[in-house]
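**Q** Sequence and predicted structure below; questions after.
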Amino acid sequence: MKKRKALVLEVTLGVIAILSVIGGVTSYLINRETKGTKETKDAVIALKAAESGAETGLAWLKSGGNVFPTIINGTLGNADFMVTIVKNVNNTIELTSVGNLKTVSRKIIVLIKRESTFYPFAINGDLTINTFKDTGSGSWSDAVVGVKAIDPSTESALTSSGFQIIKSNILDLPKVSSINASSFYPPESICDYGNYETDETISFKDLADVNGDGKIVICGSNVTLDRSLINFSLDTTIAAKQNVTFTRNTTLKKDVGSASNLSIIAGNTAYFDRNSVIDFSGADDGYNILIYAGQEIESPDTTGQWISISGNQNTSNVSNVFLLTPGEINVNRDLIDDTATTRNDVNFVIWADKGITSTNGGFDISGSSATVRNFSVIVADGNATFDKWQFTGSEDRSGLSYSDIENYCTNGTSLGIPDFYKNIYCELKNQIDSESGNFKIISWKVY
């Protein structure tokens with residue numbers, strides 16, 4: 001009997017021990033499940049915070065953010081996120097967003113590529129060309145026009161020559177007003193003629209390198225050129241804090257055969273009276289022309305040439321013509337008259353924020369080229385009206401594409417473009433990159 005009682009006791013104790021173990025295991029499993037559920041919930045919230053951070057970073061990019069690397073911190077409820085945005089050497093953008101809640105972190109990595117949108121002919125207004133003549137032996141490429149509105153006959157003439165017309169009420173275009181124009185002005189210490197505090201008038205025939213530094217620099221509060229013929233044979237800059245004025249019948253002529261560049265910089269107006277001419281002929285090694293005015297580039301209604309390019313040009317280097325103003329270009333005769341024979345690319349950039357009016361002129365291109373003449377017309381907020389675009393030479397013609405701009409910015413030095421002019425392409429590229437285009441998400445990975 002005692003043995004039986006002992007056995008019952010042992011069995012009872014064994015059952016109790018087993019039940020205790022089962023209870024402990026069950027309690028552990030319940031605790032672990034509860035903890036796991038809590039951690040899973042925290043992980044979901046941390047992921048939502050990471051997603052919020054990624055969207056915040058994308059919004060920063062789309063708003064024009066272009067300083068790299070950039071770090072953005074934020075919160076979502078009780079969670080927080082940190083976004084790091086870097087630009088890779090291949091120009092892709094990597095966005096890393098880490099969401100945190102308590103001890104749980106989730107990460108999202110987004111690889112992005114900006115697809116820049118640039119129309120070589122971009123008018124945030126109306127485009128009118130009274131006569132479009134395209135009778136030369138060459139053909140057009142990259143001829144894309146982005147406009148708010150276009151005259152029907154202009155549209156018909158352009159499309160007949162292979163232009164693509166894109167109409168849009170939303171054109172976010174580069175602006176001359178965004179350029180730091182103070183960088184265009186040479187320091188007063190290198191001026192050969194005048195200074196920025198007084199007015200300067202040039203009324204003699206031959207400009208000279210007075211201080212012997214290999215270039216000619218004319219400075220003034222206002223600068224006036226007043227002679228029927230003024231010659232220059234070196235790189236020349238005419239810089240006025242207020243106005244640059246060419247009096248009636250004044251011709252500024254580059255000597256034949258000299259490889260010279262010309263910059264005309266006016267804080268207010270660059271004014272070219274009737275029959276005043278800029279004459280470039282025979283620059284074998286290439287040429288660069290910049291006319292910048294802070295308010296307006298103006299010439300009254302007249303016949304004849306304004307910028308004349310002729311002879312044998314740019315055998316060695318790429319040549320460029322820039323007409324830039326945050327205001328308007330009102331030149332009522334041919335903007336460009338080009339009869340030259342060229343051996344390398346020539347680029348024409350007509351960029352005026354508030355409009356272009358050339359009701360008695362436009363382009364008259366009758367020269368020949370072994371390569372390409374590239375053209376771009378940009379009006380950020382205004383109309384563009386031309387009497388004519390006339391192309392009768394034997395050459396290929398093209399719109400100045402984004403890839404061209406990028407190439408001239410990146411490789412301009414090796415192409416023979418001086419840094420001063422190359423930097424205009426870089427400025428244009430930077431504005432296109434930061435103010436226009438779409439972002440393409442290459443990958444979105446969650447960790």
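**A** Right, received. Where do you want to start? Numbering: from 1, shown residues only.
**Q** what about residue 157, which SS state?
**A** Assigned with DSSP: H, G, I helix; E, B strand; the rest coil, residue 157 falls in the helix class.
**Q** ok, it touching residue 132?
**A** Yes - counting by Cβ atoms under 8 Å, residue 157 touches residue 132, with 3.9 Å between them. Every C-beta, even on glycine, is put in place using the N, C-alpha and C of the backbone.
**Q** Tell me the helix or strand right after the strand ranked longest in the chain.
**A** When the chain is parsed with DSSP state E, its longest strand is strand 121-134. Following strand 121-134 in sequence order, the next helix or strand is strand 140-141 (DSSP states H and E).
**Q** For that following strand, what is the distance to the chain centroid?
**A** In terms of Cα atoms, centre = their mean, to the nearest Å, the centre of strand 140-141 is found 21 Å from the chain centre.
**Q** In its sheet, which strands sit next to that strand, and in what direction?
**A** The strands beside strand 140-141 in its sheet (DSSP bridges) come out as strand 396-399 (parallel).
**Q** Using PDB, write out the CA atom coordinates for the partner strand.
**A** The C-alpha trace of strand 396-399 is given here as PDB (Å, rounded to 0.1, in the frame of the first residue of the first chain):
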ATOM      1  CA  ASP A 396      24.100  70.700 -92.600                       C
ATOM      2  CA  ARG A 397      22.000  72.700 -90.100                       C
ATOM      3  CA  SER A 398      20.900  71.700 -86.700                       C
ATOM      4  CA  GLY A 399      19.200  72.800 -83.600                       C
END
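**Q** Check which element follows it along the chain.
**A** Next element after strand 396-399 (DSSP H and E): helix 402-411.
**Q** who does that next one touch, helix- and strand-wise?
**A** Packed against helix 402-411 by the contact rule (3 or more Cβ pairs under 8 Å, 6 or more residues apart in numbering; DSSP states H and E) you find helix 419-435.
**Q** Can you name the element that comes right after the helix it packs on?
**A** Following helix 419-435 in sequence, per DSSP H and E, is strand 438-446.
**Q** Okay, buried residues for the longest strand of the chain please.
**A** 121-130, 132-134 (16 or more other Cβ atoms under 10 Å).
**Q** next one: stretch 250-259
**A** Applying 16+ other Cβ under 10 Å to stretch 250-259 flags 250, 251, 252, 253, 254, 258, 259 as buried.
**Q** contacting residues around that stretch?
**A** Stretch 250-259 has contacts (Cβ atoms under 8 Å, 6 or more residues apart in numbering) with 225-234, 246, 260, 262, 273, 276-287, 311.
**Q** try 6 Å
**A** 225, 229-231, 233, 260, 276-283, 285 (Cβ atoms under 6 Å, 6 or more residues apart in numbering).
**Q** low pLDDT regions in the stretch 1-150 of the chain?
**A** The stretch 1-150 of the chain contains residues with pLDDT under 70 at 1-39, 116.
**Q** Can you tell me which of the contacts of stretch 250-259 are classed as buried?
**A** 225, 230-231, 233, 260, 276-283, 285.
**Q** Report the two of those residues separated the most.
**A** 276 and 285 (26.3 Å; Cβ to Cβ).
**Q** Show me what the longest strand of the chain packs onto, helices and strands only.
**A** strand 144-150, helix 152-160, strand 372-379, strand 384-391 (3 or more Cβ pairs under 6 Å, 6 or more residues apart in numbering; DSSP states H and E).
**Q** want to throw the buried ones among the contacts of stretch 250-259 into CSV with pLDDT?
**A** Shown next, in CSV, are the buried ones among the contacts of stretch 250-259 (pLDDT from 0 to 100):
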residue, pLDDT
225, 98
230, 96
231, 94
233, 91
260, 78
276, 94
277, 94
278, 94
279, 92
280, 88
281, 81
282, 70
283, 60
285, 76
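**Q** Dump those residues into a markdown table; add secondary structure and distance to residue 94 as well.
**A** Output for the buried ones among the contacts of stretch 250-259, formatted as a markdown table (DSSP: H, G, I helix; E, B strand; the rest coil; distance: Cβ to Cβ, whole Å):
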| residue | secondary structure | distance to residue 94 |
| --- | --- | --- |
| 225 | strand | 53 |
| 230 | strand | 55 |
| 231 | strand | 55 |
| 233 | coil | 52 |
| 260 | coil | 46 |
| 276 | coil | 54 |
| 277 | strand | 53 |
| 278 | strand | 48 |
| 279 | strand | 52 |
| 280 | strand | 47 |
| 281 | strand | 52 |
| 282 | coil | 51 |
| 283 | coil | 45 |
| 285 | coil | 43 |
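**Q** Out of those, the closest to residue 411 would be?
**A** Of all the buried ones among the contacts of stretch 250-259, residue 411 sits closest to residue 285, with 17.6 Å by Cβ to Cβ.
**Q** which stretches of the stretch 1-150 of the chain form strands?
**A** Remark: strands assigned in the stretch 1-150 of the chain by DSSP state E, counting those that start in this stretch are 70-76, 79-87, 93-101, 104-115, 121-134, 140-141, 144-150.
**Q** and residue 297, which of those is closest to it?
**A** Nearest to residue 297, of all the strands of the stretch 1-150 of the chain, is strand 121-134, at 17.1 Å by Cβ to Cβ.
**Q** Can you name the residues in contact with the closest one?
**A** Strand 121-134 is contacted by residues 145-151, 154, 157, 161, 171, 173, 377-391 when judged by Cβ under 6 Å, 6+ apart.
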